[in-house]
Each structure stands twice: as structure tokens, then as C-alpha cells.
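Undergrad: Sequence first, then the predicted structure, then my questions.
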Amino acid sequence: MSFSVYILQSEVDKSLYVGHTANIEERLLRHNQGRSQYTKAKRPWIMLYCESYDTRALAMQRERALKSLHRKDLLLKIIATPH
């Protein structure tokens, strides 16, 4: 099983959300259905970026690293960088 780290953008106010999941399609659907408390008010969300990892631990580590950036411009730079 692989795990994904993803960055979403709200189509309402262009804010970003970083998360991780084992099922990226289901997770995006949950965000857009309002089943995630933090993202509920800023629906709809679009997927800007996604990375895959072999373990949940690695995905969580990367998610924490991205969240520690705290600056939208740094996250957008990561998204724009080819991998």
C-alpha cells in the first residue's frame, strides 16, 4: 500500500491545505463533501500537488515538513518544481 501527501487549494479564497492519506481520490471527495471539519467552509477544493510514499511514517514526516513551511509562496514553489 502506498501513501500520498497532497496539497489542495480552495477555489473560494485560494488558501492551501496539506494532508496525507492512503486513498487520495476518497480523501479529495471527503474534503469536497464537507466531511473534513477544517476544510468544510472553503469548498470546493482542487488538487494542486501529490507525492507518493511507501509507508505512512514517511508520508507523515513529509506532511509535517510541508506544514512547517507556513508560507504559501514556499508551498507554491514546491508545487512548481518538477519532480
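TA: Nice, thanks for sending it over.

Undergrad: List the contacts of residue 63.
TA: Neighbour list for residue 63: 5, 18-20 [criterion: CB atoms under 8 Å, 6 or more residues apart in numbering]. Yep, even glycine has a C-beta here, placed from its N, CA and C like the rest.

Undergrad: Show me which of these are buried.
TA: Among these, those that count as buried by neighbour count (16 or more other CB atoms under 10 Å) are 5, 18-20.

Undergrad: for those, which one is nearest residue 39?
TA: Lowest distance from residue 39 to the buried ones among the contacts of residue 63 (CB to CB) belongs to residue 19, with 8.7 Å.

Undergrad: contacting residues around the worst-scoring helix or strand of the chain on mean pLDDT?
TA: Comparing every helix and strand of the chain by mean pLDDT, DSSP states H and E singles out helix 72-80 as the least confident one, with a mean of 79. Contacting residues not belonging to helix 72-80 are listed as 7, 15-16, 18, 48-49, 66, 69 [CB under 8 Å, 6+ apart].

Undergrad: Which of these fall in helices?
TA: The helices, defined by DSSP state H, take in residue 66 from the contacts of helix 72-80.

Undergrad: want to try TSV for the contacts of helix 72-80, with distance to residue 56 as columns?
TA: Putting those into TSV (distance: CB to CB, whole Å) gives the following:
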residue	distance to residue 56
7	18
15	25
16	22
18	15
48	22
49	19
66	16
69	21
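
Undergrad: Where do the strands of the protein begin and end?
TA: Per DSSP state E, the chain carries strands over the ranges 3-10, 16-21, 45-53.

Undergrad: Compare these and give me the one nearest residue 38.
TA: strand 16-21 (7.2 Å).

Undergrad: by contact count, what packs against that closest one?
TA: strand 3-10, helix 24-32, helix 56-67, helix 72-80 (3 or more CB pairs under 8 Å, 6 or more residues apart in numbering; DSSP states H and E).

Undergrad: what about 7 Å?
TA: When contacts are defined as 3 or more CB pairs under 7 Å, 6 or more residues apart in numbering; DSSP states H and E, strand 16-21 sits against strand 3-10, helix 56-67.

Undergrad: So what does residue 39 have for phi and psi?
TA: Here the main-chain torsion angles of residue 39 (degrees, to the nearest 10) amount to phi -100, psi 0.
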